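# Give me the fold of what follows.
(one chain, ligands or ions: 2)
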Amino acid sequence: MRVLFVSAEVAPYAKVGGLGDVAAALPRALADLGVEIAVVTPKYRMVTERAGNLTPVATFPVAVGGEVRTCQAFRGSLSRSEVPLYALGCDPLFDRPGIYGEGGGGYPDELERFAFLARAALDLGPASGWLPDVVHANDWHTALIPVYLRAELAAPARSVLTIHNLAYQGSFPRARGENLGLNSVGWQLVTRGDQINLLQGGIQAADWITTVSPSYAREILTQGEGLEEVLRARRDQLTGILNGIDTVVWDPSSDPHLWAPYSAADPSGKYENKRSLQTALGLAPADGPLVAMVSRLAEQKGFDLVLTAFERMMALGIQFVVLGEGDPRYASFFRGAERRYPGRVRALIQFSEEWAHRIEAGADLFLMPSRFEPAGLNQLYSLRYGTVPVVRATGGLSDTIHDYDPVTDSGNGFTFTDYTAEAMLSALSRAVRLWRSDRGAWRRLMVRGMGEDHSWAVPARQYCALYERVLAGRIPRLTEP
Ligand code: ADP
Ligand code: GLC
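Numbering: from 1, shown residues only. Ligands and ions are numbered 1, 2, ... in the order given. I've put the predicted structure just below:
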């Protein structure tokens, strides 16, 4: 079975959030199961700089966005693996400093950039001689792939579309869609009032739709950011498969970014990481729990609750560190908090893989009060690093984090349900109280989380079974009326 996996991000070459992590780790896990898989991504400037040994394999014309552009396809491999990575080059579109934009703003031609990616990914097969059985698209950036396949191409490939985040749909004024080379069937699939909506098109056209946790798959049928009806119409071909994590990149016993290695069997090194983190960040060596957030600074992640509750959080006697980039409103709040709480608050407004690992290792608690969360990877990294998650029970967070119960000494974190500052504070104060009052129970809670298996082995088998099912299904092509 040949699978072409297409994504706008692939870690560590180009990553903004969890999509990049998934696009690197899931294909590797599928290859381990014997799936013949290749990954396709744009050849952004940072991919050229970071991916190394990319060799040119094909040059072909791509007609999209009102003009015929040339695609230069390069071949390399995913990091630490033999899985082929195709970087599709078109310098006028991708040779830029950013992935989606620069300095907080998006590039104005994102429709043309990602329509090019979708079209070129499909044209790569004939140009390179490697024809996939299944094309696996991810998020709105590649949602035109199922549309092109379903409506227009004679190609026999089937399509799977994974929704990582329904909040981003690729919605543009209708007039902008006129250059996409869609026939009337394709046009109908993407049209939404006076807009075109690429994710809607992908949901309607894909042979199968997945999302990244079972709870999110259920939630979006009623809270689908406007697409709930479209999703309900496809509910029989919509599956939630929970994300895994890369257990080699995220392993506290061998993580090169840490000050000291540690493991569930011997977690003592965690305290050394905490002390070193405090020193490195200029935090006082105080005896209070260190609470961390590592996150895109986006409304989705629950920052409104944190801003509202911040003084009351600090009154619990905690230290707080945040690592993130994004909305300037949140960034300036945290910069101000850093000034107001010297030695107790640090705000790293940047993207840094190294700090993400060090903070996961050094913190006691990881706060993730998301308004919605399709899957979430950071709570899983936190479990593995013995950093107890405090999360809002939504989407993938409710599938992975189970509230601590002092009576049965069970659970792996602290959860709350209502999207309110009070509910978040109450979960956080339960956590802080346990941290202060019962170190034995705390250690058991930490070690329980560290021992959980969140590798990609199980989800990769589920994707594999899904590809087989889709290939057996023979869903008829749509033809022009
Ligand atoms: P999302 O994809 O919605 O951003 P996830 O929890 O699935 O949320 O994944 C976020 C990923 O991005 C994690 O790997 C996290 O460590 C990483 N990340 C987010 N912000 C930063 C940052 N400022 N620096 C380094 N890594 C970050
Ligand atoms: C999205 C979601 C996040 C998920 C990630 C990878 O960005 O916001 O919850 O973990 O994609 O699937």
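# Please count neighbours and contacts with C-alpha atoms only from this point.
Noted.
# how is the protein carved up into domains?
The chain breaks down by automatic domain parsing into domains covering 2-244+457-472, 268-450.
# Mind jotting down where the helices sit in the stretch 151-300 of the chain?
184-190, 198-205, 214-219, 228-233, 269-281 (DSSP state H, counting those that start in this stretch).
# ok, and which of those helices has the densest surroundings?
helix 198-205 (a mean of 28; mean count of other CA atoms under 10 Å).
# now for that one, which elements pack on it?
Applying 3 or more CA pairs under 8 Å, 6 or more residues apart in numbering; DSSP states H and E, one finds that helix 198-205 contacts helix 144-151, helix 184-190, helix 228-233.
# any low-confidence regions in the chain?
153-155, 474-481 (pLDDT under 70).
# I'd like to know which of the helices of the stretch 151-300 of the chain is closest to ligand 1.
helix 214-219 (12.9 Å; CA to the nearest ligand atom).
# how about the closest one, does it get close to ligand 1?
No: residues of helix 214-219 are not located near ligand 1 by CA under 6 Å from any ligand atom, the shortest gap being 12.9 Å.
# what residues does that helix touch?
Contacts with helix 214-219, where a contact means CA atoms under 8 Å, 6 or more residues apart in numbering, come from 210-211, 238-242, 373-375, 394-396, 398-399.
# Is residue 291 in contact with residue 366, as I believe?
Yes: contact criterion CA atoms under 8 Å: residue 291 and residue 366 qualify, at 5.7 Å.
# Can you pull the phi/psi pair for residue 373?
phi -150, psi 100 (degrees, to the nearest 10).
# got the end-to-end distance for stretch 403-422?
Stretch 403-422 has an end-to-end distance of 17 Å (criterion: CA to CA, to the nearest Å).
# and this structure, which residues reach ligand 1?
17-19, 294-296, 323-325, 350-353, 356, 376-378.
# I'd like to know which of those are part of strands.
294, 323 (DSSP state E).
# Among the residues of the chain next to ligand 1, name the buried ones.
Buried members of these, counted by 16 or more other CA atoms under 10 Å: 18-19, 294-296, 323-325, 351, 356, 376-378.
# Make a markdown table out of the domains of the chain and add distance to residue 257.
Formatted as a markdown table, those follow (distance: least, CA to CA, whole Å):
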| stretch | distance to residue 257 |
| --- | --- |
| domain 2-244+457-472 | 15 |
| domain 268-450 | 6 |
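# Quick check: closest non-adjacent residue to residue 385.
residue 361 (5.6 Å; CA to CA, 6 or more residues apart in numbering).
# show me the contacts for the one you found.
Per CA under 8 Å, 6+ apart, neighbours of residue 361: 252, 258, 270, 273-274, 385-387.
# The nearest residue to residue 447 once chain neighbours are set aside: neighbouring residues, count only.
Counting by CA to CA, 6+ apart, residue 264 is the residue found nearest to residue 447 once chain neighbours are left out, at 5.4 Å. Neighbour count for residue 264, taken as other CA atoms under 10 Å: 19.
# Kindly report the same for residue 206.
So residue 206, with other CA under 10 Å, has 28 neighbours.
# just checking, residue 60 is part of a helix?
No: counting by DSSP: H, G, I helix; E, B strand; the rest coil, residue 60 is not found in a helix; it is strand.
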